[in-house]
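# Model the following, please.
(chains A, B, C and D)
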Number of protein chains: 2
Amino acid sequence: MERTPHCLIVEDDREIGGLLSRFLAKHGFRVSMVPDGKAMRRVLSESGIDIVVLDVMLPGEGGLELCRRLRLESNIPVILLTALGEETDRIIGLEMGADDYVAKPFNQRELLARMRAVMRRASSLPYDARAVPLRVMTFAGWRVDLAKRQLQAPDDTLVVLTSGEFDLLVALCQHPQRVLSREQLLDLTVGRAADAGDRSVDIRISRLRRKIEPDPKNPKIITTVRSGGYFFAAEVALT
Amino acid sequence: MERTPHCLIVEDDREIGGLLSRFLAKHGFRVSMVPDGKAMRRVLSESGIDIVVLDVMLPGEGGLELCRRLRLESNIPVILLTALGEETDRIIGLEMGADDYVAKPFNQRELLARMRAVMRRASSLPYDARAVPLRVMTFAGWRVDLAKRQLQAPDDTLVVLTSGEFDLLVALCQHPQRVLSREQLLDLTVGRAADAGDRSVDIRISRLRRKIEPDPKNPKIITTVRSGGYFFAAEVALT
DNA sequence: GATTATTGTAACAAAGTATTTCGGGGCATG
DNA sequence: CATGCCCCGAAATACTTTGTTACAATAATC
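Here you go, the predicted model:
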């Protein structure tokens, strides 16, 4: 089962945005769209975004500035939409750290091809260089090593997690002390939207608890928020 | 003290090459230029090259094949010059490990911007992209000698790998701490695309584990990422 | 306390992965 | 050109991980 890439469009023109959304959705992307930088940052912190398509002409902060600031804290692939012929924008965009640009009005298929190329490139970077800036997180004596994909118990033994369990733990650790809905967890881990009646998150939580909770019947680290989702209660330190 | 980046242009068209040389020299590069792959390898082994600009259309071995082989033994940033519209070249190029591409006829400033972007990215990697091709890699006490194609165990005994196993190990070592799909591994090792239902990578992984994992049933060095591929967990040092 | 909504988990089914066996084919040797 | 050797991958089989279904347990509501 391949992970559906989740793309975030930052575009204030609803018409262009809508067109683009439909096109990308038709070609196998999950699509989210926001009109400005503030919303962009919110979505980025809450969802598993694989690539950002960013209009350079935005109200408030311009796209170039957004791109620069985004680069300061992550390496999520960014494609800029620039006005036609604005060569300066394109050059500056690349200098700001964008991965590619497409001139408006753009050929949708070209955009798609560039998005795929950029994502392929990004996914070929070693772990350290990618969107997740942290290599090790610790909570309640446990140690999550992202670089090795290993979990170390407080007594320093290695606890074997399946890769699904590991991904879930990482998603939780990266959003501690917040309620995460099942929907969000699904997005952050397998990059998929939930069908009705999907209990897969529940059961993964259950299996993870069995491995990390001292008393799985009375979970203290991963608590349940009824009709809300799950809550990672431990404090997480990043190293 | 910043050192002047040294760029190697591989281009058989003297006119394009000359133009490019002058332009890059004007913008602060040391520039070397060669017409083919053989000369490229010589220069690489003798000079400290920081980035390679590689034409895909070359006499003899094509640029794509050169790029793939270059990736097998070094991490030097590579930018491909592709014919306009040859999307296939671009995609394949990126799969061969190129860091970026520019379509001919190209805008020089754009090439410059991309070169800078790629070099910036490369220098932010955990171990720098290196001008000198790699000869020895070590991980978890093991020692992989690329020149002799030998593997030395932590206790200094030689472990005999078949050449397929060795290639696989090298591919993994060169992309540590990231998930490599079966397709990527096939590509990196035998340079071939996978048919449906190809399990040959699995088998080779299995055989390799038997030789290097302390407990092949509980692999710690090469871990499995379900529906993702394989993951080289050990830290790799280049020497 | 009875009722309803929601979550927990066992047990099964489905999908994906590991490993063995076995035969083809390459390669050196005689 | 036969022979032996070894590497490789297809097929078969065994095993693991994952999601679904079903029902039990728990919490919220009346």
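
# DNA strand C contacts on chain A?
Residues of chain A lying near DNA strand C by CB under 7 Å from any atom of the strand: A:1, A:199, A:202-203, A:205-206, A:209-210, A:216-217, A:219, A:224-229. C-beta here means a position set from N, CA and C on the backbone, and glycine is covered the same way.

# Show the contacting residues for the residue most central in space within chain A.
Nearest residue to the geometric centre of chain A (CA atoms, centre = their mean): residue A:48, 2.4 Å. Counting by CB atoms under 8 Å, 6 or more residues apart in numbering or on different chains, residue A:48 touches A:6, A:171, A:187-189, A:191.

# Next one: it from residue A:32, what distance?
Applying CB to CB, to the nearest Å, the value for residue A:48 to residue A:32 is 11 Å.

# which of the residues of chain A next to DNA strand C count as buried?
Buried by 16 or more other CB atoms under 10 Å in any protein chain shown: A:205, A:209, A:219, A:229, out of the residues of chain A next to DNA strand C.

# Now do whichever helix or strand the first one is part of: everything it contacts.
By that I understand residue A:205. For residue A:205, the enclosing helix or strand under DSSP states H and E is helix A:200-212. Around helix A:200-212, the neighbours that count as contacts under CB under 8 Å, 6+ apart are A:142, A:151, A:159, A:161-162, A:164-165, A:168-169, A:182, A:185-186, A:189, A:194, A:216, A:219, A:221-222, A:230.

# Run the contact check for stretch A:227-239 versus DNA strand D.
No. Using CB under 7 Å from any atom of the strand, stretch A:227-239 stays clear of DNA strand D, with a minimum separation of 7.9 Å.

# circling back: which pair in the contacts of residue A:48 has the greatest spatial separation?
Largest separation among the contacts of residue A:48 by CB to CB: A:6 and A:171, giving 13.4 Å.

# ok so, going back, identify those among the contacts of helix A:200-212 that sit within strands.
A:142, A:151, A:159, A:222, A:230 (DSSP state E).

# May I have the residues that are in contact with the last one?
For residue A:230, the contacting residues are A:172, A:179-180, A:182, A:185, A:201, A:205, A:222-224, by CB under 8 Å, 6+ apart.

# and it, what pLDDT?
Listed pLDDT for residue A:230 reads 96.

# same question, residue A:137
We have a pLDDT of 94 for residue A:137.

# swap in residue A:107?
81.

# same question, residue A:94
Taking residue A:94 on its own, its pLDDT is 75.

# if I pick the closest residue to it other than its chain neighbours, what's in contact with it?
Among residues not flanking residue A:94 along the chain, residue B:113 sits closest, at 4.1 Å (CB to CB, 6 or more residues apart in numbering or on different chains). Residues in contact with residue B:113, defined by CB under 8 Å, 6+ apart, are A:91, A:94-95.

# Can you give me the domain boundaries for chain A?
Structural domains assigned to chain A are A:6-123, A:129-238, following automatic domain parsing.

# Stretch A:143-154 vs chain B: in contact?
Yes. Stretch A:143-154 reaches chain B (CB under 8 Å from any CB of the partner chain) through A:147-150.

# Just among the residues you listed, which is most surrounded?
Among the residues of stretch A:143-154 next to chain B, residue A:148 has the most neighbours (other CB atoms under 10 Å in any protein chain shown), with 22 neighbours.

# Wait, that residue touches residue B:222, no?
No. With contact defined as CB atoms under 8 Å, residue A:148 does not reach residue B:222; the gap is 11.6 Å.

# Find the residues that touch each one of those two.
Common neighbours of residue A:148 and residue B:222 (criterion: CB under 8 Å, 6+ apart): residue B:233.

# Contact distance from DNA strand D - what residues of chain A qualify?
Contact residues (CB under 7 Å from any atom of the strand) of chain A with DNA strand D: A:160, A:162-165, A:190, A:195, A:197-200, A:203-204, A:226.

# Just the buried subset of those residues, please.
Buried members of the residues of chain A next to DNA strand D, scored by 16+ other CB under 10 Å, are A:163-165, A:190, A:200, A:204.

# and the one helix or strand the residue nearest to residue A:94 maps to, how far out from the chain's middle?
Using DSSP H and E, residue B:113 falls within helix B:108-123. For helix B:108-123, the gap between its own C-alpha mean and the chain's C-alpha mean amounts to 17 Å (CA atoms, centre = their mean, to the nearest Å).

# What residues sit buried inside the helix or strand that comes right after that helix?
Sequence-wise, the next helix or strand downstream of helix B:108-123 (DSSP H and E) is strand B:136-139. By 16+ other CB under 10 Å, the buried positions in strand B:136-139 come out as B:137-139.

# Pretty sure residue A:136 sits against residue A:145.
Yes. Using CB under 8 Å, residue A:136 is in contact with residue A:145, at 5.4 Å.

# The nearest residue to residue A:70 once chain neighbours are set aside: neighbour count?
Leaving aside its sequence neighbours, residue A:70 sits nearest to residue A:78 (CB to CB, 6+ apart; 6.3 Å). Neighbourhood size, residue A:78 [other CB under 10 Å]: 26.

# residue contacts, the residue nearest to residue A:151 when sequence neighbours are not counted?
Using CB to CB, 6+ apart and skipping residues adjacent in sequence, the residue nearest residue A:151 is residue A:159, 4.8 Å away. Listed by CB under 8 Å, 6+ apart, the contact set of residue A:159 reads A:151-153, A:211-212.

# just checking, next helix/strand downstream of the lowest-mean-pLDDT helix or strand in chain A?
Ranked by mean pLDDT, DSSP states H and E, the weakest helix or strand in chain A is helix A:87-95, scoring a mean of 71. Next along the chain after helix A:87-95, taking DSSP H and E as the criterion, comes strand A:100-104.
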